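[1] quick one: sequence plus predicted model below, questions after.
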Amino acid sequence: MADFSAQNRRGFNAPTRFEATVYDCETVGQVPTDIAGAFVRVGGEYLYPSKYKDDGPSSDGYISSFRFKNGRVNYVGKWVKTTHFKNNLAAHRQLYGYYRNPWDDDPSVTDVANPQKRGVANTAPIAHGGKLFALKEDGPPFEVHPDTLETIGPWDFHGKYKSQTFTAHPKIDPVSGEMICYGYEATGPASKDLWVYSVDKKGHVSHEWRATVPYVSMMHDMALTQKHIIFPSGGYVTSIEQMKAHKNHWFWDPHKGSYIGVLPRDGDGKDMRWFFGPKRCFMHTFNARTEGNKVILEAPFFDDNFLFSMLPTTDGSAYGKMDRAKIRRYVLDLDSKSDQWSEEILWPMQVSDLGRIDTRYITLPNRYGFTGYIDPEKPFDEKRGGNMRGRATNIYARFDFRDRKLDNYFVGDVHSLGECCFVPRRGSTEEGDGYLIGVASNFAEMRSELIIADARNLAAGDIARVLLPFRAGALHGVWVEEKELPFGAVNQTMKG
Ligand SMILES: [Fe+2]
């Protein structure tokens, strides 16, 4: 049975656990009629409580979609029916232990070496090659039907994707249509194997690179240029011994430096160049580009253990405090004999590391990054919104890397913003011309609402909001243009 009384997820973050379809969502303002496609999000939801209070990453995958057409919006939310989910449901309890630790599972879980049996697909979606996937870096991608969001199953790209694991945040080259993805710990838990793949725009593996990492660490995101693939990692450490001792897969080593790999797209795995630097926690990137023989990477990275509430330190010291990210620029000089990177902090302020760009500019020089931050000077109504003052992400900002300027959107005095996403304006190719969307938590009304703002004039406030009659949190989302996926049945309900 599901008993959540001992869990620390309460209030707005308490499990919802239901699947949902909402036709013709309630809206405030006019949803622009030139937005046609789906805002698809993936996050973790709790079918059963985690075995441990401090184990967040093992929640079951949940995928949801705001489907836009003709100024109307439908919403669908479904569990990702992984083997993990189905086994738990059949047993009516949580069978799985710590995240990515197969030695900590219930004895009834067999074939533990196969990550298809453990993968939870609870991190991010991506659409590529006419298919929609729910992803997590611990196992295979799970294909999901674009209309119904019913799970089709794990996908191995016609048997040509050989890594046991996949990527939380693959990148799609807007010029060639290729998806570049990778699996770290590719041959099993704690393995140093990093296997990298190019998948052509029709969904077939076109190239594989095999490399080994300096030491095994979490590699949550990557970046891509027209010439190079960039792999930031480090800080977290693992071992088979600690897993067999029923501990976390990852510990944060506060004394460990980090590394960034640079792989030439036209080279071989042995051509990977590793750069090293001080302790950093690399989670999400904005973008990268190759200028001559230099690779420039821009990203909202942390100085310290970001997952402090989930992953302990190697020396037993306190997990740490909330450390938000700072937007940085890294230069990786391939002509240099030094293996050190150079780093510049572009804005002194702390921001959410869930940064996004206009994805048509992935691999290319780009001017804008979008992410959220906390402005403590903005009002917060504690009477209606509870004790979230100073903790609610109340601003979406467009960071102008060229002019170092900000354009800010304020969401309201009882809200907190999740990850944003850029939607290009139909017919325009200009960077940043379109809409900025994202889902806000409304603490006063205990429900979620989708924000739609003009990405070139955030200060003007939102154009429209789509109101859901329930809480619908998620982690990451992507915008999928209508032409990218074989949408069908849902269109019938949105005519006119
Ligand atoms: Fe992520």
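    Structure's in. What do you need? Numbers count the residues shown, from 1 in each chain.

[2] now residue 330. Nearest residue, chain neighbours left out?
    In this structure, residue 330 finds its nearest non-sequential neighbour in residue 297, 4.3 Å apart by C-beta to C-beta, 6 or more residues apart in numbering. The way it works is simple: take the backbone N, C-alpha and C, and place the C-beta from them, glycine included.

[3] now that neighbour, what's its secondary structure?
    Here residue 297 is recorded as strand under DSSP: H, G, I helix; E, B strand; the rest coil.

[4] list the residues that contact it.
    In this structure, residue 297 makes contact with 223, 230, 232, 260, 285, 287, 288, 329, 330, 332, judged by C-beta atoms under 8 Å, 6 or more residues apart in numbering.

[5] okay, and the beta partners of the last one?
    The partner list for residue 332 in beta bridges (DSSP bridges) reads residue 295.

[6] tell me the strands beside the helix or strand where residue 126 lies, with direction?
    Here residue 126 sits within strand 124-128, counting by DSSP states H and E. Here strand 124-128 has these sheet partners by DSSP bridges: strand 131-135 (antiparallel).

[7] got a list of contacts for the strand it pairs with?
    Residues lying outside strand 131-135 but in contact with it, judged by C-beta under 8 Å, 6+ apart, are 40, 42, 61, 63, 80, 121-127, 141-146, 151, 155, 166-170, 203, 480, 485.

[8] rounded mean pLDDT for it, please.
    In this model, strand 131-135 has an average pLDDT of 98.

[9] for that strand, output the C-alpha coordinates as CSV.
    Only the C-alpha atoms of strand 131-135 are listed here, as CSV (Å, rounded to 0.1, in the frame of the first residue of the first chain):
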residue,chain,number,x,y,z
LYS,A,131,9.4,9.8,-31.9
LEU,A,132,8.8,11.2,-28.4
PHE,A,133,10.9,9.9,-25.5
ALA,A,134,11.0,10.2,-21.7
LEU,A,135,14.6,10.2,-20.5
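
[10] that strand: how far from the chain's middle?
    Averaged C-alpha coordinates place strand 131-135 at 13 Å from its chain's average position (C-alpha atoms, centre = their mean, to the nearest Å).

[11] direction included, what does the next helix or strand after that strand pair up with?
    Reading on from strand 131-135 to the C-terminus, the next helix or strand found by DSSP H and E is strand 142-144. For strand 142-144, the paired strands and their directions (DSSP bridges) read strand 131-135 (antiparallel), strand 151-154 (antiparallel).

[12] what ranges do the strands span in the stretch 201-350 of the chain?
    Per DSSP state E, counting those that start in this stretch, the stretch 201-350 of the chain has strands spanning 205-212, 223-224, 228-234, 236-237, 251-252, 258-264, 273-277, 287-291, 294-301, 326-333, 342-345. These are given in chain order.

[13] of all those strands, which one is nearest residue 309?
    strand 251-252 (11.5 Å; C-beta to C-beta).

[14] contacts for that closest one next, please.
    235-238, 242, 281, 304-305, 307-308, 311-314, 320.

[15] what of stretch 422-434?
    With contacts defined as C-beta under 8 Å, 6+ apart, stretch 422-434 is touched by 34-37, 39, 356-361, 366-368, 370, 398, 435-437, 455-456, 479, 481.

[16] buried members of those into ChimeraX, please.
    The buried residues among these can be selected in ChimeraX (16 or more other C-beta atoms under 10 Å) with this line:
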select :35,36,37,39,356,357,358,359,360,361,366,368,370,398,435,436,437,455,456,479
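
[17] among the contacts of stretch 422-434, name the ones in strands.
    Secondary structure of these is defined by DSSP state E; positions in strands are 37, 39, 368, 370, 398, 435, 436, 437, 479, 481.

[18] report the separation between the third one and residue 440.
    Here the distance between residue 368 and residue 440 works out to 21 Å (C-beta to C-beta, to the nearest Å).

[19] let me have the strands of the stretch 201-350 of the chain in JSON lines, extended by mean pLDDT and distance to residue 187.
    As requested, those are exported to JSON lines (pLDDT from 0 to 100; distance: least, C-beta to C-beta, whole Å):
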{"stretch": "strand 205-212", "mean pLDDT": "98", "distance to residue 187": "10"}
{"stretch": "strand 223-224", "mean pLDDT": "98", "distance to residue 187": "24"}
{"stretch": "strand 228-234", "mean pLDDT": "97", "distance to residue 187": "17"}
{"stretch": "strand 236-237", "mean pLDDT": "96", "distance to residue 187": "18"}
{"stretch": "strand 251-252", "mean pLDDT": "92", "distance to residue 187": "21"}
{"stretch": "strand 258-264", "mean pLDDT": "98", "distance to residue 187": "17"}
{"stretch": "strand 273-277", "mean pLDDT": "98", "distance to residue 187": "20"}
{"stretch": "strand 287-291", "mean pLDDT": "98", "distance to residue 187": "27"}
{"stretch": "strand 294-301", "mean pLDDT": "97", "distance to residue 187": "27"}
{"stretch": "strand 326-333", "mean pLDDT": "97", "distance to residue 187": "27"}
{"stretch": "strand 342-345", "mean pLDDT": "97", "distance to residue 187": "32"}
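
[20] where does residue 51 land on pLDDT?
    Note for residue 51: predicted pLDDT of 86.

[21] quick check: closest non-adjacent residue to it.
    Of all residues beyond its chain neighbours, the one nearest residue 51 is residue 97 (5.1 Å), with distances taken as C-beta to C-beta, 6+ apart.

[22] which residues does that neighbour contact?
    Contact analysis of residue 97 by C-beta under 8 Å, 6+ apart lists 51, 52, 55, 58, 103, 104, 105, 106, 246.

[23] rerun that using 10 Å as the cut-off
    The neighbours of residue 97, taking C-beta atoms under 10 Å, 6 or more residues apart in numbering as the test, are 50-52, 55, 58, 103-106, 109, 118, 243, 246-249.

[24] for the strand holding residue 126, list the C-alpha coordinates in CSV.
    Below are the C-alpha coordinates for strand 124-128, written out as CSV (Å, rounded to 0.1, in the frame of the first residue of the first chain):
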residue,chain,number,x,y,z
ALA,A,124,13.3,15.1,-19.4
PRO,A,125,11.5,14.6,-22.7
ILE,A,126,12.9,14.9,-26.2
ALA,A,127,11.3,14.6,-29.7
HIS,A,128,13.5,13.3,-32.5
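
[25] if you count neighbours, what's buried in stretch 12-32?
    Burial within stretch 12-32, assessed by neighbour count using 16+ other C-beta under 10 Å, is assigned to 12, 15, 22, 25, 27, 31, 32.

[26] of those residues, which is the nearest to residue 471?
    Lowest distance from residue 471 to the buried residues of stretch 12-32 (C-beta to C-beta) belongs to residue 12, with 5.9 Å.

[27] could you look up the SS state of the closest one?
    Under the three-state scheme (three-state DSSP), the conformation of residue 12 reads as helix.

[28] how about the strands paired with strand 142-144, which one is nearest residue 253?
    Within those, the stretch nearest residue 253 is strand 131-135; the backing value is 26.4 Å (C-beta to C-beta).

[29] if I look at the residue nearest to residue 330, how far off is residue 261?
    For residue 297, the distance to residue 261 - C-beta to C-beta - is 11 Å.

[30] shared neighbours of these two, anything?
    Here residue 297 and residue 261 have 228, 230, 232, 332 as joint contacts, going by C-beta under 10 Å, 6+ apart.

[31] could those go into TSV alongside neighbour count and distance to residue 185?
    Converted to TSV, the shared contacts of residue 297 and residue 261 look like this (neighbours: other C-beta atoms under 10 Å; distance: C-beta to C-beta, whole Å):
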residue	neighbour count	distance to residue 185
228	24	22
230	24	19
232	27	16
332	24	24
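
[32] what separation do you get for the residue nearest to residue 51 and residue 142?
    From residue 97 to residue 142 the distance is 21 Å (C-beta to C-beta).
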